[in-house]
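> return a 3D structure for these sequence lines:
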Amino acid sequence: MVKRIFKKQMKAFLIQMLEEYVKSTDNDIDDLIVARVTKAMRIGVV
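Below you'll find the predicted structure:
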């Protein structure tokens, strides 16, 4: 149970960090890749 909670917290942290990374870069390809990864994480694929 603790492992599951920790995993959820890490996913939320990674999504937040990736969104901050997108804001700080001007590269469109990076933006698309990060958007796709965060969407998959929110759905629960990753």
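> use CA for all of it now, contacts and neighbours both
Noted.
> neighbours around residue 23, how many?
10 (other C-alpha atoms under 10 Å).
> give the buried residues for the host helix or strand of it.
According to DSSP states H and E, residue 23 maps onto helix 2-24. Under the neighbour-count criterion of 16 or more other C-alpha atoms under 10 Å, helix 2-24 has 11, 15, 18, 22 buried.
> ok, now stretch 36-45?
By 16+ other C-alpha under 10 Å, the buried positions in stretch 36-45 come out as 37-38, 41.
> those in helices, which ones?
Counting by DSSP state H, the buried residues of stretch 36-45 place 37-38, 41 in helices.
> low-confidence ranges, this structure, go.
Applying pLDDT under 70 to the chain flags residues 44-46.
> sorry, back to before: put the alpha carbons of the helix holding residue 23 into PDB.
The C-alpha trace of helix 2-24 is given here as PDB (Å, rounded to 0.1, in the frame of the first residue of the first chain):
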ATOM      1  CA  VAL A   2       2.800   2.400   0.900                       C
ATOM      2  CA  LYS A   3       4.500   1.500  -2.400                       C
ATOM      3  CA  ARG A   4       1.300   2.400  -4.400                       C
ATOM      4  CA  ILE A   5       0.900   5.800  -2.600                       C
ATOM      5  CA  PHE A   6       4.600   6.600  -3.300                       C
ATOM      6  CA  LYS A   7       4.200   5.700  -6.900                       C
ATOM      7  CA  LYS A   8       1.200   8.100  -7.300                       C
ATOM      8  CA  GLN A   9       3.200  10.900  -5.600                       C
ATOM      9  CA  MET A  10       6.100  10.300  -7.900                       C
ATOM     10  CA  LYS A  11       3.900  10.400 -11.000                       C
ATOM     11  CA  ALA A  12       2.300  13.700  -9.900                       C
ATOM     12  CA  PHE A  13       5.800  15.100  -9.200                       C
ATOM     13  CA  LEU A  14       7.100  14.000 -12.600                       C
ATOM     14  CA  ILE A  15       4.100  15.500 -14.400                       C
ATOM     15  CA  GLN A  16       4.700  18.700 -12.600                       C
ATOM     16  CA  MET A  17       8.400  18.800 -13.400                       C
ATOM     17  CA  LEU A  18       7.700  17.900 -17.100                       C
ATOM     18  CA  GLU A  19       5.200  20.800 -17.400                       C
ATOM     19  CA  GLU A  20       7.700  23.200 -15.900                       C
ATOM     20  CA  TYR A  21      10.300  21.900 -18.400                       C
ATOM     21  CA  VAL A  22       7.900  22.600 -21.300                       C
ATOM     22  CA  LYS A  23       7.400  26.200 -20.100                       C
ATOM     23  CA  SER A  24      11.200  26.800 -19.900                       C
END
